[in-house]
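> Mind looking at a prediction? Sequence and model below.
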Amino acid sequence: MAEFRMREHTDPQALRALAHPLRMKLLQELALRGPATATELAERLGDTAPNCSWHLRQLAKYGYVEDAPGGQGRQRPWRFVPAGNRWGTPGEAPEITAAGDAVSEVMLQYELAELQSWQERRSKHDANWRAAAFLNQSITWLTPEELDEIGAQIQDLLLRHLDRLADPELRPENARPVRMLAWGIPAEH
């Protein structure tokens, strides 16, 4: 795996830039399908080029996307900047907490919609993909240190092939995009 960059969020504005459904879709399109212009993205997402362009500039302002080689002006392509995003440290400013909550809400709604979409269309997919897809749920008793260790292990697994987003040459022949989401949160008891 290539060197992985993690964004440690301390600026609520940079974090809040992610808290928009269209921006989540733009990031996904660029991550999965590669560089594209605002016009191309608008066509794919059923939006307008000026609106997509404005949201792309907001994402670029905080380093989530950047100019891709080739093109200029309205034909300027954008590309995804692969990196993780981390926030939620103890003692963080309330503004970061609020921005993180907003991002988490948008991200969770987006991912749940994607899971529901998979559930509706899974019978149309190859048997190997249906068998490989999974949904796990568990509850157990852990210490904060154990939960932290499990979280680090899951993060390592989720990020193991992140370099394939930026470099299509690294993708095996039968590979396709796979959504992965995990959380470990204390349950009320």
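All right, it came through fine. Numbering: from 1, shown residues only.

> what ranges do the strands span in this structure?
Assigned by DSSP state E, the chain shows strands spanning 6-8, 65-67, 78-80, 84-86.

> Would you mind finding the most buried of those strands?
Of all these, strand 78-80 carries the top mean neighbour count, a mean of 22, counting by mean count of other CB atoms under 10 Å. In short, each C-beta sits where N, CA and C put it, glycine included.

> And it, how far out from the chain middle?
The chain centre lies 13 Å from the centre of strand 78-80; the measure is CA atoms, centre = their mean, to the nearest Å.

> Stretch 165-182 now?
13 Å.

> repeat for stretch 179-189
The answer for stretch 179-189 is 17 Å, by CA atoms, centre = their mean.

> Return the set of buried residues in it.
Within stretch 179-189, no residue counts as buried by 16 or more other CB atoms under 10 Å.

> what's the answer for stretch 127-142, then?
Of the residues in stretch 127-142, none is buried (16+ other CB under 10 Å).

> measure it end to end?
In stretch 127-142, first residue to last residue: 36 Å (CA to CA, to the nearest Å).

> where does the protein have low pLDDT?
1-4, 73-74 (pLDDT under 70).

> other SSEs contacting the longest helix along it?
For the chain, the helix with the greatest residue count under DSSP state H is helix 94-121. Applying 3 or more CB pairs under 8 Å, 6 or more residues apart in numbering; DSSP states H and E, one finds that helix 94-121 makes contact with helix 12-16, helix 21-33.

> Out of those helices, the one nearest residue 104 is which?
Nearest of the helices and strands packed on helix 94-121 to residue 104, taken as CB to CB: helix 12-16 at 10.1 Å.

> And the contacts of that closest one?
Contact partners of helix 12-16, identified using CB atoms under 8 Å, 6 or more residues apart in numbering, comprise 7, 9, 62-63, 85, 87, 93, 95-96, 98-100, 102-103.

> again with stretch 39-50
If you take CB under 8 Å, 6+ apart as the criterion, stretch 39-50 is touched by 22, 25-26, 29-30, 33, 36-38, 51-52, 56, 74-75, 78.

> about what we covered before: format the strands of the chain as TSV; extra columns: distance to residue 18.
Rendered in TSV, the data for those read as follows (distance: least, CB to CB, whole Å):
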stretch	distance to residue 18
strand 6-8	10
strand 65-67	11
strand 78-80	13
strand 84-86	7
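
> quick revisit: now do the longest helix of the chain against helix 21-33, angle only.
60 degrees (axes from the mean of the first three to the mean of the last three CA atoms, to 10 degrees).
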